[in-house]
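Participant: The sequence and its predicted three-dimensional model are supplied below.
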Amino acid sequence: MTELLLRLFVKDYKNSDSPAVRTRVGKMSGIVGILCNLLLFAGKLTAGILSGAVSVTADAINNLSDASSSVVTLLGFKLAAKPADAEHPYGHYRIEYLSGLIVSGLILVIGFELAKTSVEKIITPTAVDFSVLTAVILGVSILVKLWMAIFNTKLGKHIGSASLCATAADSRNDVISTAAVLAVGIVSMFVDVPLDGYIGLAVALFILWSGVGIARETIAPLLGEAPDEELVHSLSHKLKEEPEVLGIHDLMVHDYGPGRRFASVHVEVDYRKDVLDAHEMIDDLERKIKEEMNVDLVIHYDPIVTDDEEINEMKVRVDEALKGVHPNLAFHDFRMVRGQGHTNLIFDVVLPLELENKREEVRTAINGAINFGDKRYFAVLTFDSESFNDPHTR
(Lines give C-alpha, C1' and ligand atoms only; values in the text may rest on other atoms or scores of the structure.)
Protein backbone atom coordinates (compact mmCIF):
# COMPACT_ATOMS: atom_id res chain seq x y z
CA MET A 1 0.00 0.00 0.00
CA THR A 2 2.81 2.43 0.89
CA GLU A 3 4.56 1.74 -2.41
CA LEU A 4 1.28 2.26 -4.30
CA LEU A 5 0.59 5.61 -2.61
CA LEU A 6 4.14 6.77 -3.32
CA ARG A 7 3.80 5.89 -7.00
CA LEU A 8 0.43 7.61 -7.25
CA PHE A 9 1.08 10.83 -5.34
CA VAL A 10 4.86 11.41 -5.20
CA LYS A 11 6.59 12.20 -8.47
CA ASP A 12 10.10 10.71 -8.75
CA TYR A 13 9.62 9.19 -5.26
CA LYS A 14 12.76 7.00 -5.51
CA ASN A 15 14.97 10.10 -5.48
CA SER A 16 14.72 10.34 -1.68
CA ASP A 17 17.55 12.90 -1.34
CA SER A 18 15.62 15.48 -3.38
CA PRO A 19 14.13 18.28 -1.22
CA ALA A 20 11.07 18.34 -3.50
CA VAL A 21 10.48 14.60 -3.01
CA ARG A 22 10.91 14.95 0.76
CA THR A 23 8.29 17.69 0.81
CA ARG A 24 5.80 15.67 -1.22
CA VAL A 25 6.28 12.58 0.97
CA GLY A 26 5.81 14.66 4.13
CA LYS A 27 2.65 16.28 2.78
CA MET A 28 1.20 12.89 1.82
CA SER A 29 1.91 11.54 5.31
CA GLY A 30 0.26 14.59 6.89
CA ILE A 31 -2.90 14.36 4.78
CA VAL A 32 -3.28 10.61 5.38
CA GLY A 33 -2.76 11.17 9.12
CA ILE A 34 -5.37 13.93 9.33
CA LEU A 35 -8.04 11.91 7.52
CA CYS A 36 -7.45 8.66 9.41
CA ASN A 37 -7.24 10.26 12.84
CA LEU A 38 -10.38 12.37 12.39
CA LEU A 39 -12.35 9.26 11.41
CA LEU A 40 -10.98 7.34 14.39
CA PHE A 41 -11.73 10.25 16.72
CA ALA A 42 -15.36 10.38 15.60
CA GLY A 43 -15.83 6.62 16.00
CA LYS A 44 -14.14 6.36 19.41
CA LEU A 45 -15.84 9.45 20.79
CA THR A 46 -19.22 7.94 19.90
CA ALA A 47 -18.24 4.66 21.54
CA GLY A 48 -16.91 6.44 24.62
CA ILE A 49 -20.09 8.47 25.10
CA LEU A 50 -22.30 5.42 24.66
CA SER A 51 -20.26 3.23 27.04
CA GLY A 52 -19.28 5.87 29.59
CA ALA A 53 -15.69 4.52 29.58
CA VAL A 54 -13.12 7.22 30.30
CA SER A 55 -10.39 5.11 28.73
CA VAL A 56 -12.28 4.99 25.41
CA THR A 57 -13.02 8.73 25.46
CA ALA A 58 -9.40 9.46 26.34
CA ASP A 59 -8.30 7.27 23.45
CA ALA A 60 -10.59 9.30 21.16
CA ILE A 61 -9.04 12.57 22.36
CA ASN A 62 -5.64 11.03 21.72
CA ASN A 63 -6.65 10.52 18.08
CA LEU A 64 -7.73 14.15 17.86
CA SER A 65 -4.28 15.06 19.15
CA ASP A 66 -2.77 12.84 16.48
CA ALA A 67 -4.74 14.72 13.84
CA SER A 68 -3.24 17.94 15.20
CA SER A 69 0.19 16.32 15.05
CA SER A 70 -0.42 15.46 11.40
CA VAL A 71 -1.29 19.10 10.74
CA VAL A 72 2.01 20.08 12.39
CA THR A 73 3.87 17.53 10.24
CA LEU A 74 2.18 18.84 7.10
CA LEU A 75 3.06 22.45 7.93
CA GLY A 76 6.56 21.44 8.99
CA PHE A 77 7.40 19.91 5.63
CA LYS A 78 5.81 22.82 3.78
CA LEU A 79 7.79 25.41 5.73
CA ALA A 80 11.01 23.37 5.57
CA ALA A 81 10.78 23.48 1.77
CA LYS A 82 11.03 27.29 1.73
CA PRO A 83 14.15 28.38 -0.18
CA ALA A 84 17.08 30.06 1.54
CA ASP A 85 16.84 33.80 2.12
CA ALA A 86 18.99 36.60 3.51
CA GLU A 87 18.13 35.74 7.11
CA HIS A 88 18.43 31.96 6.64
CA PRO A 89 21.20 31.37 4.07
CA TYR A 90 21.27 27.63 4.82
CA GLY A 91 17.55 27.20 4.22
CA HIS A 92 14.70 26.25 6.54
CA TYR A 93 15.21 22.49 6.68
CA ARG A 94 15.55 22.34 10.47
CA ILE A 95 11.86 23.24 10.75
CA GLU A 96 11.26 19.54 10.16
CA TYR A 97 13.08 18.82 13.44
CA LEU A 98 10.98 21.48 15.17
CA SER A 99 7.77 19.89 13.90
CA GLY A 100 8.88 16.58 15.41
CA LEU A 101 9.54 18.38 18.70
CA ILE A 102 6.05 19.93 18.62
CA VAL A 103 4.55 16.49 18.01
CA SER A 104 6.36 15.18 21.09
CA GLY A 105 5.02 18.15 23.08
CA LEU A 106 1.45 17.34 22.05
CA ILE A 107 2.01 13.72 23.06
CA LEU A 108 3.19 14.83 26.51
CA VAL A 109 0.17 17.11 27.00
CA ILE A 110 -2.24 14.33 26.05
CA GLY A 111 -0.44 11.89 28.34
CA PHE A 112 -0.69 14.28 31.27
CA GLU A 113 -4.39 14.98 30.73
CA LEU A 114 -5.16 11.28 30.35
CA ALA A 115 -3.28 10.52 33.57
CA LYS A 116 -5.25 13.21 35.42
CA THR A 117 -8.60 11.89 34.16
CA SER A 118 -7.63 8.30 34.97
CA VAL A 119 -6.67 9.14 38.55
CA GLU A 120 -10.05 10.80 39.01
CA LYS A 121 -11.69 7.66 37.64
CA ILE A 122 -9.71 5.50 40.10
CA ILE A 123 -10.78 7.67 43.05
CA THR A 124 -14.41 7.82 41.91
CA PRO A 125 -15.14 4.78 39.72
CA THR A 126 -18.27 4.78 37.57
CA ALA A 127 -20.08 2.00 35.73
CA VAL A 128 -18.91 1.16 32.21
CA ASP A 129 -21.38 -0.13 29.61
CA PHE A 130 -19.00 -1.80 27.16
CA SER A 131 -20.78 -3.19 24.10
CA VAL A 132 -19.91 -5.28 21.06
CA LEU A 133 -20.14 -2.13 18.90
CA THR A 134 -17.50 -0.44 21.05
CA ALA A 135 -15.27 -3.50 20.78
CA VAL A 136 -15.61 -3.51 16.99
CA ILE A 137 -14.77 0.21 16.75
CA LEU A 138 -11.67 -0.25 18.89
CA GLY A 139 -10.63 -3.34 16.92
CA VAL A 140 -10.86 -1.43 13.63
CA SER A 141 -8.91 1.42 15.21
CA ILE A 142 -6.09 -0.95 16.16
CA LEU A 143 -5.83 -2.21 12.58
CA VAL A 144 -5.84 1.32 11.14
CA LYS A 145 -3.22 2.55 13.61
CA LEU A 146 -1.04 -0.50 12.96
CA TRP A 147 -1.12 0.29 9.25
CA MET A 148 -0.31 3.96 9.95
CA ALA A 149 2.68 2.96 12.10
CA ILE A 150 4.05 0.78 9.30
CA PHE A 151 3.20 3.42 6.69
CA ASN A 152 5.03 6.26 8.48
CA THR A 153 7.96 4.04 9.44
CA LYS A 154 8.53 3.17 5.78
CA LEU A 155 8.18 6.82 4.73
CA GLY A 156 10.47 7.98 7.55
CA LYS A 157 13.19 5.50 6.57
CA HIS A 158 12.73 6.27 2.88
CA ILE A 159 13.57 9.97 3.31
CA GLY A 160 15.45 9.80 6.63
CA SER A 161 12.89 11.92 8.49
CA ALA A 162 12.93 12.18 12.30
CA SER A 163 9.52 13.85 12.15
CA LEU A 164 7.86 10.93 10.33
CA CYS A 165 9.61 8.42 12.58
CA ALA A 166 8.13 10.30 15.57
CA THR A 167 4.70 10.11 13.94
CA ALA A 168 5.18 6.36 13.38
CA ALA A 169 6.14 5.88 17.03
CA ASP A 170 3.01 7.76 18.08
CA SER A 171 0.85 5.45 15.95
CA ARG A 172 2.58 2.44 17.47
CA ASN A 173 1.81 3.77 20.93
CA ASP A 174 -1.85 4.12 19.94
CA VAL A 175 -1.96 0.46 18.93
CA ILE A 176 -0.76 -0.54 22.38
CA SER A 177 -2.98 1.88 24.27
CA THR A 178 -6.12 1.02 22.28
CA ALA A 179 -5.41 -2.70 22.68
CA ALA A 180 -5.21 -2.19 26.44
CA VAL A 181 -8.52 -0.27 26.43
CA LEU A 182 -10.14 -3.04 24.36
CA ALA A 183 -8.83 -5.74 26.68
CA VAL A 184 -10.18 -4.09 29.82
CA GLY A 185 -13.49 -3.41 28.07
CA ILE A 186 -13.92 -7.06 27.15
CA VAL A 187 -13.05 -8.10 30.71
CA SER A 188 -15.59 -5.62 32.10
CA MET A 189 -18.32 -7.30 30.05
CA PHE A 190 -17.90 -10.46 32.13
CA VAL A 191 -16.34 -9.32 35.43
CA ASP A 192 -17.59 -6.41 37.55
CA VAL A 193 -14.16 -5.00 38.46
CA PRO A 194 -13.39 -1.22 38.13
CA LEU A 195 -10.30 -1.50 35.90
CA ASP A 196 -11.10 1.41 33.60
CA GLY A 197 -9.17 4.08 35.53
CA TYR A 198 -6.14 1.84 36.13
CA ILE A 199 -5.81 0.92 32.46
CA GLY A 200 -6.23 4.57 31.50
CA LEU A 201 -3.41 5.50 33.88
CA ALA A 202 -1.14 2.77 32.51
CA VAL A 203 -1.80 3.99 28.97
CA ALA A 204 -1.09 7.58 30.05
CA LEU A 205 2.26 6.64 31.59
CA PHE A 206 3.22 4.79 28.43
CA ILE A 207 2.30 7.83 26.30
CA LEU A 208 4.36 10.11 28.56
CA TRP A 209 7.36 7.81 28.33
CA SER A 210 7.06 7.72 24.55
CA GLY A 211 6.74 11.52 24.35
CA VAL A 212 9.96 12.00 26.30
CA GLY A 213 11.78 9.57 24.00
CA ILE A 214 10.56 11.31 20.85
CA ALA A 215 11.51 14.72 22.27
CA ARG A 216 15.02 13.45 23.00
CA GLU A 217 15.41 12.16 19.44
CA THR A 218 14.30 15.45 17.87
CA ILE A 219 16.27 17.71 20.23
CA ALA A 220 19.55 15.87 19.57
CA PRO A 221 20.08 17.11 15.96
CA LEU A 222 19.07 20.64 16.98
CA LEU A 223 21.78 20.64 19.66
CA GLY A 224 24.38 19.33 17.20
CA GLU A 225 24.71 15.57 17.67
CA ALA A 226 27.57 13.59 16.14
CA PRO A 227 27.08 12.93 12.42
CA ASP A 228 25.95 9.55 11.18
CA GLU A 229 28.93 7.16 11.23
CA GLU A 230 27.94 5.65 7.89
CA LEU A 231 27.97 9.11 6.29
CA VAL A 232 31.41 9.91 7.76
CA HIS A 233 32.88 6.60 6.58
CA SER A 234 31.35 7.07 3.11
CA LEU A 235 32.84 10.56 2.84
CA SER A 236 36.24 9.29 3.98
CA HIS A 237 36.11 6.42 1.49
CA LYS A 238 35.14 8.69 -1.41
CA LEU A 239 37.99 11.09 -0.65
CA LYS A 240 40.61 8.36 -0.25
CA GLU A 241 39.59 6.81 -3.57
CA GLU A 242 41.52 9.66 -5.18
CA PRO A 243 45.11 8.33 -5.67
CA GLU A 244 46.64 11.76 -4.98
CA VAL A 245 45.07 11.97 -1.50
CA LEU A 246 47.61 10.72 1.05
CA GLY A 247 45.37 11.18 4.09
CA ILE A 248 42.48 13.19 5.53
CA HIS A 249 41.70 14.72 8.90
CA ASP A 250 39.48 17.27 10.66
CA LEU A 251 36.35 16.07 8.86
CA MET A 252 33.47 18.13 10.24
CA VAL A 253 29.85 17.61 9.20
CA HIS A 254 27.15 20.20 9.93
CA ASP A 255 23.48 19.24 9.75
CA TYR A 256 21.09 22.03 8.75
CA GLY A 257 18.17 19.65 8.39
CA PRO A 258 17.40 16.45 6.49
CA GLY A 259 18.96 16.60 3.03
CA ARG A 260 20.93 19.77 3.86
CA ARG A 261 24.45 18.89 5.04
CA PHE A 262 27.68 20.84 4.88
CA ALA A 263 31.15 19.49 5.59
CA SER A 264 34.79 20.56 5.68
CA VAL A 265 37.93 18.43 5.64
CA HIS A 266 41.71 18.69 5.41
CA VAL A 267 43.21 16.64 2.57
CA GLU A 268 46.92 15.77 2.55
CA VAL A 269 48.65 15.94 -0.84
CA ASP A 270 52.31 15.54 -1.84
CA TYR A 271 53.93 18.99 -1.72
CA ARG A 272 55.63 18.35 -5.08
CA LYS A 273 52.29 18.29 -6.92
CA ASP A 274 51.68 21.47 -8.92
CA VAL A 275 49.47 23.86 -6.95
CA LEU A 276 47.13 24.50 -9.87
CA ASP A 277 46.74 20.77 -10.49
CA ALA A 278 46.07 20.17 -6.79
CA HIS A 279 43.44 22.93 -6.82
CA GLU A 280 41.72 21.36 -9.82
CA MET A 281 41.73 17.94 -8.15
CA ILE A 282 40.16 19.41 -5.00
CA ASP A 283 37.46 21.16 -7.05
CA ASP A 284 36.66 17.86 -8.77
CA LEU A 285 36.40 16.10 -5.41
CA GLU A 286 34.02 18.73 -4.05
CA ARG A 287 31.78 18.40 -7.10
CA LYS A 288 31.86 14.60 -6.91
CA ILE A 289 30.76 14.60 -3.26
CA LYS A 290 27.96 17.06 -4.01
CA GLU A 291 26.65 15.01 -6.94
CA GLU A 292 26.94 11.57 -5.34
CA MET A 293 26.20 12.30 -1.67
CA ASN A 294 24.37 15.66 -1.71
CA VAL A 295 26.89 17.13 0.75
CA ASP A 296 28.36 20.61 0.27
CA LEU A 297 32.02 19.95 1.00
CA VAL A 298 34.85 22.46 1.45
CA ILE A 299 38.35 20.95 1.22
CA HIS A 300 41.46 22.47 2.79
CA TYR A 301 44.69 21.58 0.99
CA ASP A 302 47.55 20.33 3.21
CA PRO A 303 50.89 19.88 1.37
CA ILE A 304 52.89 17.01 2.86
CA VAL A 305 56.65 16.48 2.54
CA THR A 306 57.25 12.87 1.50
CA ASP A 307 60.88 12.76 0.30
CA ASP A 308 62.76 13.98 3.39
CA GLU A 309 64.50 11.06 5.16
CA GLU A 310 64.79 12.90 8.49
CA ILE A 311 61.09 13.82 8.52
CA ASN A 312 60.07 10.27 7.61
CA GLU A 313 62.26 8.84 10.37
CA MET A 314 60.78 11.19 12.96
CA LYS A 315 57.26 10.27 11.81
CA VAL A 316 58.03 6.62 12.41
CA ARG A 317 59.41 7.39 15.88
CA VAL A 318 56.35 9.48 16.82
CA ASP A 319 53.97 6.81 15.55
CA GLU A 320 55.74 4.07 17.53
CA ALA A 321 55.69 6.24 20.67
CA LEU A 322 51.96 6.87 20.35
CA LYS A 323 51.16 3.21 19.72
CA GLY A 324 53.21 2.38 22.81
CA VAL A 325 50.81 4.46 24.90
CA HIS A 326 47.61 3.24 23.19
CA PRO A 327 46.89 1.60 19.81
CA ASN A 328 44.11 4.13 19.02
CA LEU A 329 46.41 7.16 19.13
CA ALA A 330 47.32 8.80 15.82
CA PHE A 331 48.71 12.07 14.48
CA HIS A 332 48.52 14.35 11.45
CA ASP A 333 49.75 17.71 10.07
CA PHE A 334 53.38 16.74 10.72
CA ARG A 335 55.86 19.53 9.97
CA MET A 336 59.54 20.05 10.74
CA VAL A 337 61.05 23.51 11.34
CA ARG A 338 64.85 23.36 11.54
CA GLY A 339 66.69 25.94 13.66
CA GLN A 340 70.27 26.70 14.74
CA GLY A 341 70.06 25.09 18.19
CA HIS A 342 67.13 22.70 17.85
CA THR A 343 64.44 21.44 15.48
CA ASN A 344 60.70 21.81 16.12
CA LEU A 345 58.37 18.94 15.24
CA ILE A 346 54.88 20.41 14.89
CA PHE A 347 51.87 18.08 14.65
CA ASP A 348 48.41 17.24 16.00
CA VAL A 349 47.70 14.17 18.12
CA VAL A 350 44.25 12.61 17.75
CA LEU A 351 43.17 11.90 21.32
CA PRO A 352 40.08 9.74 22.01
CA LEU A 353 37.83 11.08 24.76
CA GLU A 354 38.57 8.13 27.05
CA LEU A 355 42.32 8.94 26.89
CA GLU A 356 42.07 12.60 27.95
CA ASN A 357 43.94 11.77 31.17
CA LYS A 358 46.97 10.50 29.21
CA ARG A 359 48.13 13.83 27.78
CA GLU A 360 51.26 14.03 29.91
CA GLU A 361 52.04 10.38 29.27
CA VAL A 362 51.78 11.06 25.53
CA ARG A 363 54.11 14.07 25.80
CA THR A 364 56.67 12.09 27.79
CA ALA A 365 56.57 9.15 25.36
CA ILE A 366 57.03 11.41 22.32
CA ASN A 367 59.88 13.41 23.87
CA GLY A 368 61.63 10.18 24.80
CA ALA A 369 61.29 8.83 21.25
CA ILE A 370 62.47 11.92 19.34
CA ASN A 371 65.48 12.87 21.47
CA PHE A 372 68.43 10.65 20.66
CA GLY A 373 72.03 11.40 19.83
CA ASP A 374 73.35 14.96 19.86
CA LYS A 375 70.54 16.64 17.92
CA ARG A 376 67.78 18.35 19.90
CA TYR A 377 64.11 18.03 18.90
CA PHE A 378 61.17 19.83 20.51
CA ALA A 379 57.64 18.45 20.04
CA VAL A 380 55.04 21.18 19.57
CA LEU A 381 51.79 19.28 20.16
CA THR A 382 48.15 20.12 19.61
CA PHE A 383 45.66 17.60 20.94
CA ASP A 384 42.83 17.07 18.47
CA SER A 385 39.40 15.57 19.15
CA GLU A 386 38.65 12.08 17.86
CA SER A 387 35.14 13.35 17.07
CA PHE A 388 36.48 14.83 13.82
CA ASN A 389 39.25 12.33 13.09
CA ASP A 390 39.34 8.63 12.40
CA PRO A 391 42.73 7.15 13.42
CA HIS A 392 42.55 4.92 10.34
CA THR A 393 42.22 7.80 7.85
CA ARG A 394 45.86 8.93 7.96
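Facilitator: Yep, that arrived. Quantities reported herein were computed from a predicted structural model and do not represent experimental measurements. Numbers count the residues shown, from 1 in each chain.
Participant: Contacts for stretch 379-389, please.
Facilitator: By Cβ atoms under 8 Å, 6 or more residues apart in numbering, the surrounding residues in contact with stretch 379-389 are 226, 249-252, 318, 328, 330, 332, 344-353, 359, 362-363, 366-367, 370. Where C-beta positions appear, they are placed from N, C-alpha and C, glycine not excepted.
Participant: Sort out for me which of those residues are in helices.
Facilitator: 318, 359, 362-363, 366-367, 370 (DSSP state H).
Participant: Let me know the distance separating L6 from S99.
Facilitator: Distance, L6 to S99, using Cβ to Cβ, to the nearest Å: 21 Å.
Participant: more crowded one of the two?
Facilitator: With neighbours defined as other Cβ atoms under 10 Å, L6 and S99 compare such that S99 has more, 30 against 19.
Participant: Please list all residues in contact with the more buried one.
Facilitator: By Cβ under 8 Å, 6+ apart, the neighbours of S99 are 72-73, 75-77, 80, 163.
Participant: Not counting sequence-adjacent ones, nearest residue to it?
Facilitator: Nearest residue to S99, sequence neighbours excluded (Cβ to Cβ, 6 or more residues apart in numbering): G76, at 2.6 Å.
Participant: What count of nearby residues applies to the one you found?
Facilitator: Here the number of neighbours of G76 (other Cβ under 10 Å) works out to 25.
Participant: looking at it, M252 is touching A263, isn't it?
Facilitator: Yes: at 6.4 Å, M252 and A263 qualify as touching, with contact defined as Cβ atoms under 8 Å.
Participant: Which of those two has more residues huddled nearby?
Facilitator: Ranked by neighbour count (other Cβ under 10 Å), M252 and A263 place A263 first, with 21 against 15.
Participant: re the thing from before, narrow the contacts of S99 to those in helices?
Facilitator: Judged by DSSP H, these include 72-73, 75-77, 80, 163 as members of helices.
Participant: Select from those the one having the most neighbours.
Facilitator: Busiest of the ones in helices among the contacts of S99 [other Cβ under 10 Å] is S163, holding 31 neighbours.
Participant: Correct me if wrong: that residue contacts G26.
Facilitator: Yes: using Cβ under 8 Å, S163 is in contact with G26, at 7.2 Å.
Participant: and the longest helix for the protein?
Facilitator: Secondary structure of the chain per DSSP H: the longest helix is helix 19-51.
Participant: Pull out the buried residues from that one.
Facilitator: Within helix 19-51, the residues that count as buried by 16 or more other Cβ atoms under 10 Å are 19, 21-30, 32-34, 36-37, 40-41, 43-45, 47-48, 51.
Participant: For the stretch 251-394 of the chain, which residues score under the pLDDT cut-off?
Facilitator: Scanning the stretch 251-394 of the chain for pLDDT under 70 picks out 259, 387-394.
Participant: please redo it, this time with the cut-off set to 80
Facilitator: Along the stretch 251-394 of the chain, the model assigns pLDDT under 80 to residues 257-260, 372-374, 385-394.
Participant: now the strands: where do they sit in the chain?
Facilitator: In the chain, the segments counted as strands under DSSP state E are 245-255, 261-270, 295-304, 330-338, 343-351, 377-385.
Participant: ok, the fifth one: who's next to it in the sheet?
Facilitator: For strand 343-351, the paired strands and their directions (DSSP bridges) read strand 330-338 (antiparallel), strand 377-385 (parallel).
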